[in-house]
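Participant: show me how the following folds:
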Amino acid sequence: MGMDSRHASLLVLLAQDEKSRFVIPHWRRQYVWGTTGSGSREVEQLWQDLRTHCGADKKHFCGPMLLHKLSKAGVPTWEIVDGQQRMTTFFLLLFALRDVCEKRDVDCSDLHLLLTTNKSDESRLALLEGANRDPYVMKMLLQRSEAKLDKKIQDESKIYQAYRYFVTRIESELSHGMQEFLVSILQGVDLLIQIIDPADDPRRVFETLHAPDKVIGSRHSFAEQPALKQAESIADDVRSVSAGPARPFRRITAGIVGLSLLALLCLSAFLWWRDYTRVKTAYYQEVSSRYGLPEGVGVLSSDAIQHRTTSYRVESSRRKIRRVTEINGSGYPVDDPARHQASSE
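Facilitator: I've put the predicted structure just below:
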């Protein structure tokens with residue numbers, strides 16, 4: 001599984017080829033990010049992060065963006081394998097900025113080129129078709145036709161709710177400096193662009209990167225372990241033998257198997273508890289944030305960090321990250337202000 005990785009701003013990602021389009025594969029989920037008061041609040045968190053940490057001369061890391069290039073009718077098309085929630089939210093923010101700028105007679109004509117292909121007014125972001133009306137809502141917002149959306153769609157569509165959240169925030173918090181804020185977003189958003197090798201299956205790559213760890217825990221009872229199943233099978237065989245002269249021997253055998261099973265259970269519990277409580281250390285190229293929690297990006301070996309200027313040491317125990325430390329090639333901490341607070345999927 002090969003990947004080409006590089007850092008790029010949102011402006012570089014959108015402006016490097018104005019003909020290109022971004023599509024979301026059919027096997028990815030619908031847009032689910034929420035705003036204040038709707039259960040989840042990823043949209044609100046992203047807004048706060050951008051307002052606090054983003055600037056034209058100050059980069060704010062917003063996580064990885066996993067892309068797979070398609071060849072479609074000669075038009076450069078990128079399949080968003082991972083990061084579609086963030087990309088959709090960025091487009092909704094740009095829609096809101098465009099509309100508020102036009103309402104205030106602020107020139108933002110160049111923004112239209114980033115949102116549409118250069119040969120048409122077609123959106124450069126294509127949402128997957130599904131049971132909801134998200135593609136239709138996105139089209140109406142792109143065409144400045146918010147009035148065509150009926151109340152039911154407005155109440156149910158998370159796409160529309162995120163757009164209205166941004167409009168409300170921009171109107172209440174940005175009385176001036178609209179163009180400066182737009183530049184700070186386009187140049188200050190820092191993404192780790194990862195291009196999947198054309199020979200790889202993008203769905204399999206995604207599932208591999210997001211596969212859960214196979215550990216013994218609350219989701220895996222001890223009775224599901226192969227060794228214990230085998231012991232239970234042996235005990236069942238002993239109990240199924242018909243009564244006869246060898247009954248005392250069978251009782252002793254069953255007792256031994258039962259004690260062995262109990263000892264195996266105790267040993268499994270002890271090993272699980274020791275692994276659960278001990279501090280585990282891993283090394284990564286970058287650290288992003290998913291739903292407010294740190295997440296390592298790009299696993300490194302202990303030998304690989306010796307050949308890098310900086311890496312990140314992540315210490316975890318009890319299924320929680322306890323400490324994230326930026327280190328140099330010798331493994332010593334590097335004094336550097338925290339800059340990995342982005343909202344990501």
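Participant: avg pLDDT for stretch 318-334?
Facilitator: What stretch 318-334 shows for mean pLDDT is 85.
Participant: same thing with stretch 26-42?
Facilitator: Stretch 26-42 carries an average pLDDT of 81.
Participant: send the alpha carbons of that stretch over as CSV?
Facilitator: Extracted in CSV, the C-alpha atoms of stretch 26-42 (Å, rounded to 0.1, in the frame of the first residue of the first chain):
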residue,chain,number,x,y,z
HIS,A,26,-20.8,5.6,-2.9
TRP,A,27,-19.6,3.4,0.0
ARG,A,28,-18.8,6.4,2.3
ARG,A,29,-21.4,7.8,4.8
GLN,A,30,-23.6,10.8,4.3
TYR,A,31,-22.8,14.2,5.8
VAL,A,32,-23.3,13.9,9.6
TRP,A,33,-21.5,16.8,11.2
GLY,A,34,-23.7,18.8,13.6
THR,A,35,-23.9,22.3,15.0
THR,A,36,-24.7,23.7,18.5
GLY,A,37,-27.6,22.0,20.1
SER,A,38,-27.9,19.1,17.6
GLY,A,39,-26.1,16.4,19.6
SER,A,40,-22.7,16.5,17.9
ARG,A,41,-21.0,19.9,17.4
GLU,A,42,-18.1,19.3,14.9
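Participant: tell me which residues of the lengthiest strand in the chain come out buried.
Facilitator: For the chain, the longest strand by residue count, based on DSSP state E, is strand 60-72. The neighbour-count check on strand 60-72 (16 or more other C-beta atoms under 10 Å) flags 60, 61, 62, 63, 64, 65, 66, 67, 68 as buried. For the C-beta atoms, the positions are set from N, CA and C on the backbone; glycine is no exception.
Participant: am I right that the fifth one is in contact with residue 191?
Facilitator: Yes: taking contacts as C-beta atoms under 8 Å, residue 64 lies within contact range of residue 191: 7.2 Å.
Participant: what touches both of the two?
Facilitator: The contact sets of residue 64 and residue 191 overlap at residue 83 (C-beta atoms under 8 Å, 6 or more residues apart in numbering).
Participant: so which of the buried residues of strand 60-72 comes closest to residue 320?
Facilitator: residue 63 (19.7 Å; C-beta to C-beta).
Participant: can you show me the strands along this structure?
Facilitator: Assigned by DSSP E, the strands in the chain fall at 3-9, 21-23, 60-72, 75-82, 125-126, 189-196, 280-290, 293-300, 311-317, 320-327.
Participant: and the longest helix for this structure?
Facilitator: Once the chain is assigned using DSSP state H, the helix that runs over the most residues is helix 247-277.
Participant: buried stuff in it?
Facilitator: 250, 253, 254, 257, 261, 264.
Participant: rewinding a little: average pLDDT across the longest strand of the chain?
Facilitator: Across strand 60-72, pLDDT averages out at 88.
Participant: for stretch 211-231, same thing?
Facilitator: Here the average pLDDT along stretch 211-231 is 43.
Participant: show me the helices in the stretch 101-250 of the chain, by range?
Facilitator: For the stretch 101-250 of the chain, applying DSSP state H, counting those that start in this stretch gives helices covering 109-115, 134-142, 151-156, 158-173, 178-188, 202-209, 226-240, 247-277.
Participant: for the stretch 101-250 of the chain, what are the low-confidence residue spans?
Facilitator: For the stretch 101-250 of the chain, the stretches with pLDDT under 70 are 118-120, 129-131, 212-249.
Participant: now do the longest strand of the chain: which elements does it pack against?
Facilitator: Applying 3 or more C-beta pairs under 8 Å, 6 or more residues apart in numbering; DSSP states H and E, one finds that strand 60-72 contacts helix 42-53, strand 75-82, helix 84-103, strand 189-196, helix 202-209, strand 280-290, strand 293-300.
Participant: distance from it to the middle of the chain?
Facilitator: 12 Å (C-alpha atoms, centre = their mean, to the nearest Å).
Participant: relative to strand 280-290, how tilted is that strand?
Facilitator: On the basis of axes from the mean of the first three to the mean of the last three C-alpha atoms, to 10 degrees, strand 60-72 is oriented at 80 degrees to strand 280-290.
Participant: look up phi and psi at residue 108.
Facilitator: Backbone geometry at residue 108, expressed as degrees, to the nearest 10, gives phi -140, psi 40.
Participant: can you tell me how far it is from residue 331?
Facilitator: 48 Å (C-beta to C-beta, to the nearest Å).
Participant: what about the two, which has more around it?
Facilitator: The neighbour comparison of residue 108 against residue 331 (other C-beta atoms under 10 Å) goes to residue 108, with 17 against 13.
Participant: still on that earlier bit, which among the helices of the stretch 101-250 of the chain is found nearest to residue 17?
Facilitator: helix 109-115 (11.4 Å).
Participant: contacts for the closest one?
Facilitator: 11, 14-15, 18, 91, 94-95, 97-98, 101, 123-124, 142, 182, 186.
Participant: closest one of those to residue 195?
Facilitator: Looking across these and measuring by C-beta to C-beta, the closest to residue 195 is residue 14, at 15.9 Å.
Participant: tell me the contacts of that closest one?
Facilitator: 114, 124, 186.
Participant: same list, the helices and strands packed on strand 60-72, but as CSV with distance to residue 318 and mean neighbour count please.
Facilitator: Shown next, in CSV, are the helices and strands packed on strand 60-72 (distance: least, C-beta to C-beta, whole Å; neighbours: other C-beta atoms under 10 Å):
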stretch, distance to residue 318, mean neighbour count
helix 42-53, 25, 19
strand 75-82, 27, 19
helix 84-103, 28, 21
strand 189-196, 28, 21
helix 202-209, 23, 15
strand 280-290, 10, 17
strand 293-300, 14, 16
